[in-house]
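Colleague: sequence? don't have it. structure:
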């Protein structure tokens, strides 16, 4: 039982509460795209009310009222062009006996144990026909703030952006214009199922014929566009291409025979808009690109209907918001607003790539330098396999003496600051082209590791062939190896500092700390003799070593000689063959290096309400063409409706300011 | 600013916030050509003088090297040196003489140098027992000494191949018909003498087997005083090495003729090794080794060259 407070025109604005009994609720699902409710009026009249997308409602209307239907359809198109999201409402009077028989079927379907969804859909089909159209509603669905900017920045970064939405084609196109994905200079290829020819065939009602005809149409159009496309490529300043495709056509285009054509065409376009897509189709399109084009795909969405798409892509991002947390729970990353995607990709994504490359390369380099030194030693031991270093040195090398600095680099290294990363999105392409971890880079690091290991071994061993000090005594094997190991640890840690782009105090602490830990360790290790020592332990080695001036002379020479090659290479590479990010670094190196606070938030807090309002008003774009994202930035729908009837109503100031500062719900999927 | 604003400002500056927001104050070094040039020049300015000082130290050392293992084999035995060295009935006396090229200030160190002798071979290096050296008769942990562990069911002290192959050539020096006294004390590392070789451990059952590897030890002198053994047991890193034999505490003048009477006992002929006698003075940096000095000078001068070349290229290319 529900109560509705009604006020009728005849009753001169008096309100009364009328009770309606709700008999059945046919719930919404995305395949049916509608929902219905059967209710009983207080006077016993049975009515089925249905609300849904215009296509599905129009399919189920009865004959008669054709004028109303046509006029409503015209209105719906106007709403769509204005970017509003439309719904149709319809009703049907039910005879009691018809209702009774249907209700039995409904209850059976509802309580069935198998295929309940399918049976409910079938039962709903039985009653949702011969509807009478009531009218249409249109809702404005604002874009989140910052979305057009974000999309523009990401396309500058070389990321192709596709829109997959369940809205009508007009709404989808309008959204794309608002986001700068489409503009009037682009050549648009539109594959729609709402042409007159197709409507004609649909009215005939034969399912197989419809399917065959549509498939033919889609194939014809795909072929035609594919043939047309190359001519736009020849001129680099020619218009960009865009593809707009409908959900129904997509169903046929994703079939194995046509999907390759679809893939080729869509990869040549700089943006693709798919409208009226079901969640399953969203996932299918994503897999098409992922497997067919072998590119890395990222899906972002905020509703439950985006979950399959989020899971199908390589990376799925959910926006946590007013539509619930299903998208967030299915995703790999969750962000709060769409515009944070820019930060996620251009700043953190890029930094992660750089850090990962550095960490991996450094690990291989330091182990190579360390191990090859022993390798050169084997030539002098008759290939008997005698270790050059003590066992403990080898075990602890990667654990204590060189571990922490590289972790710090992996956490903190930033080649350019976050604001500059967003200012130059083209730098993202360095990651796409895998410029920092390819064979050339690996070979260069390996060569330097070999060179350094030669320096370590030969400098140390050749200089210790005569007496160590003025007292004439000679070094043994373990003394030479301790000297070499000290040089390795110092050199490898200093090399890390050389490859950092930004050095915080944690870097100094970890690098200095690692070297100090080495000395502490060797002081303790060679100062203690226990029962568990192996033969010829390192007793007193470091103290003797450090009492000679040979130690200090060698410790100054060897790291510098080893790092000289690397330093020269870095200098030459940066100056004569620089990477893009290095050029950016140089041109901005004199910028005031303040702690980067998020600028926009700071400034907003310090404005008075008046200033905030005028700020917001000045940021609204002006209307230029028919498709300018009118609905998403226009001040007040009151004025929109008024202009439809030829009247001019000025926008209200409070409305403008409210909209400009409001953070609202959904955005394009 | 209100209190809440001040509070957020304080939070914004806190170390934890900076850490998690990746906003730590950092220095962002950019390697400009000026830096490259200055660094290389700086290295050159430091290294060349240090290198020259080091070279001077090395050149101030006077070193005499005399190979004697071929010359000391009498003519009839040169064809089969191995049987010569292994035959105990042949006397092994030998003498050689040399002239002092430069004034040598005391103390003058005497070394024996062995080439092609792999003291760093894995099985050789592990063939010893430090516990036994320190504590004497010890049942634990001497399996590493195999095969020189027991002889006739009695343990060998000191066990192991290193001790078994003790060098046993001896040298006496005569100048102008007067013997030069050789000080054979304090030739081993002090830490070895005091902490690694026991004061109560005496050689036992040493070199009693059928295969004689090297010298014998006096069973009445404790190991901590057997300095030859201690020096020998500090295994060296490379196959060509020298070990300290003793010290001469007198000066040697230019053109002094020194005659050495040596006993050519040690067998290096079976494996093509060489034996050399070395007399050397020392400097603050040690013996005569030009390597460090040359390396410093080389690195220093190449740094300066690179700095100059780099600057020329930079001026020629004119980027930015």
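Modeller: That came in fine, so what should we check first? Just so it is clear, the structure is predicted and the values come from calculations on it, not from any experiment.
Colleague: from here on, contacts and neighbour counts on C-alpha atoms
Modeller: Will do.
Colleague: and for residue A:195, the neighbour number?
Modeller: Residue A:195: 9 surrounding residues under other C-alpha atoms under 10 Å in any protein chain shown.
Colleague: swap in the one 10 residues further on?
Modeller: Here the count is done by other C-alpha under 10 Å, and residue A:205 has 11 residues near it.
Colleague: same deal with the one 5 residues further on?
Modeller: Number of residues near residue A:210 (other C-alpha under 10 Å) recorded here: 18.
Colleague: that one and residue A:203 touch, don't they?
Modeller: No: Residue A:210 lies out of contact with residue A:203 (C-alpha atoms under 8 Å); the separation is 9.4 Å.
Colleague: now do the same contact list for residue 298.
Modeller: If you meant another chain, say so; for now it's chain A. For residue A:298, the contact set (C-alpha atoms under 8 Å, 6 or more residues apart in numbering or on different chains) comprises A:310, A:313, A:314, A:315, A:316, A:317.
Colleague: um, chain B though
Modeller: By C-alpha under 8 Å, 6+ apart, residue B:298 lies in contact with residue B:48.
Colleague: what of residue A:404?
Modeller: A:510, A:511, A:514.
Colleague: which of the three states applies to it?
Modeller: The assignment at residue A:404 comes out as helix when based on DSSP: H, G, I helix; E, B strand; the rest coil.
Colleague: and what of residue A:420?
Modeller: Each residue gets one of three states, and residue A:420 gets helix by three-state DSSP.
Colleague: ok, and the closest non-adjacent residue to residue B:52?
Modeller: residue B:293 (6.4 Å; C-alpha to C-alpha, 6 or more residues apart in numbering or on different chains).
Colleague: among the contacts of residue A:298, which are located in helices?
Modeller: Cross-referencing the contacts of residue A:298 with the helices (criterion: DSSP state H) gives residue A:310 as the overlap.
Colleague: which one among the contacts of residue A:298 gets closest to chain B?
Modeller: Using C-alpha to the nearest C-alpha, residue A:317 is the member of these that lies nearest chain B, at 20.6 Å.
Colleague: that closest one: neighbour count?
Modeller: 27.
Colleague: hmm, residue A:326 and it touching each other?
Modeller: No: between residue A:317 and residue A:326 there is no contact, the gap being 11.4 Å when judged by C-alpha under 8 Å.
Colleague: the chain: strands as residue ranges?
Modeller: Going with chain A. Taking DSSP state E as the criterion, chain A contains strands spanning A:2-7, A:15-29, A:34-40, A:46-52, A:85-94, A:132-139, A:161-164, A:187-191, A:241-246, A:271-275, A:298-301, A:315-319, A:333-335, A:503-504.
Colleague: sorry, I should have been clearer: chain B.
Modeller: Along chain B, counting by DSSP E, strands occupy B:26-27, B:63-67, B:93-99, B:108-115, B:150-151, B:154-155, B:170-175, B:178-180, B:182-183, B:241-248, B:257-263, B:274-280.
Colleague: of all those strands, which lies closest to chain A?
Modeller: The stretch from the strands of chain B with the least distance to chain A (C-alpha to the nearest C-alpha) is strand B:26-27; that distance is 4.3 Å.
Colleague: can you list the strands that the closest one pairs with?
Modeller: Applying DSSP bridges, strand B:26-27 is found paired with strand A:503-504 (antiparallel).
Colleague: ok, and what's touching the partner strand?
Modeller: Contacts made with strand A:503-504 from outside it, assessed by C-alpha under 8 Å, 6+ apart, are listed as A:412, A:413, A:497, B:24, B:25, B:26, B:27, B:28, B:29.
Colleague: same thing but 10 Å
Modeller: For strand A:503-504, the surrounding residues in contact (C-alpha atoms under 10 Å, 6 or more residues apart in numbering or on different chains) are A:408-409, A:412-414, A:497, B:23-29.
Colleague: tell me which two in those are the farthest apart.
Modeller: Maximum pairwise distance in the contacts of strand A:503-504, criterion C-alpha to C-alpha, is 19.0 Å, between A:497 and B:23.
Colleague: number of nearby residues for residue B:84?
Modeller: Applying other C-alpha under 10 Å, we find 20 other residues in the vicinity of residue B:84.
Colleague: and the contacts of residue A:298, which are buried?
Modeller: The neighbour-count test (16 or more other C-alpha atoms under 10 Å in any protein chain shown) marks A:310, A:313, A:316, A:317 as buried among the contacts of residue A:298.
Colleague: what residues are up against the nearest residue to the third one once chain neighbours are set aside?
Modeller: Yep, that's residue A:316 we're talking about. Distance criterion C-alpha to C-alpha, 6+ apart; nearest residue to residue A:316, sequence neighbours excluded, is residue A:310 at 4.3 Å. The contact partners of residue A:310, taken as C-alpha under 10 Å, 6+ apart, are A:282-283, A:286, A:297-302, A:316-318, A:327-328, A:330-332.
Colleague: among those, which ones are buried?
Modeller: Neighbour-count burial within the contacts of residue A:310 applies to A:282-283, A:286, A:297-302, A:316-318, A:327-328, A:330-331; the criterion is 16+ other C-alpha under 10 Å.
Colleague: I figured the residue nearest to residue B:52 hits residue B:56, correct?
Modeller: Yes: checked against C-alpha atoms under 10 Å, the pair residue B:293 and residue B:56 is within contact range at 8.2 Å.
Colleague: measure the spatially closest residue to residue A:529 that is not a sequence neighbour to residue B:189 for me?
Modeller: The shortest distance from residue A:529 to any residue other than its chain neighbours is 6.8 Å, reached at residue A:539 (C-alpha to C-alpha, 6+ apart). Remark: distance between residue A:539 and residue B:189 (C-alpha to C-alpha, to the nearest Å) = 11 Å.
Colleague: ditto for residue A:289
Modeller: Summarising the geometry, the distance separating residue A:289 from residue B:189, computed by C-alpha to C-alpha, is 73 Å.
Colleague: ditto for residue A:501
Modeller: Counting by C-alpha to C-alpha, the gap between residue A:501 and residue B:189 amounts to 47 Å.
Colleague: more neighbours: these two, which one.
Modeller: Each of residue A:501 and residue B:189 had its neighbours counted (other C-alpha under 10 Å), and the higher figure belongs to residue A:501 (21 against 17).
Colleague: how near is that one to residue A:12?
Modeller: According to C-alpha to C-alpha, residue A:501 and residue A:12 sit 76 Å apart.
Colleague: quick one: residues contacting the closest residue in space to residue A:436 that isn't next to it in sequence.
Modeller: Spatial nearest neighbour of residue A:436, excluding adjacent residues (C-alpha to C-alpha, 6+ apart): residue A:357 at 6.4 Å. Counting by C-alpha under 10 Å, 6+ apart, residue A:357 makes contact with A:351, A:410, A:434, A:435, A:436, A:437, A:438.
Colleague: need the max-distance pair from those.
Modeller: Greatest spatial distance in the contacts of residue A:357: A:410 and A:438, 18.8 Å, computed using C-alpha to C-alpha.
Colleague: who has more neighbours, these two?
Modeller: Each of residue A:410 and residue A:438 has its neighbours counted (other C-alpha under 10 Å); residue A:410 has more, 21 against 11.
Colleague: is that one in contact with residue A:356, as I believe?
Modeller: Yes: taking contacts as C-alpha under 10 Å, residue A:410 lies within contact range of residue A:356: 6.7 Å.
Colleague: hang on, the earlier thing: neighbour count winner among residue A:497 and residue B:23?
Modeller: It is residue B:23, of residue A:497 and residue B:23, that has more neighbours when counted by other C-alpha under 10 Å, with 20 against 17.
Colleague: where does the more buried one land on pLDDT?
Modeller: Predicted confidence (pLDDT) for residue B:23: 75.
Colleague: one more: residue A:110?
Modeller: pLDDT at residue A:110 comes out at 86.
Colleague: what's the local residue count around it?
Modeller: By other C-alpha under 10 Å, the burial measure for residue A:110, its neighbour count, is 15.
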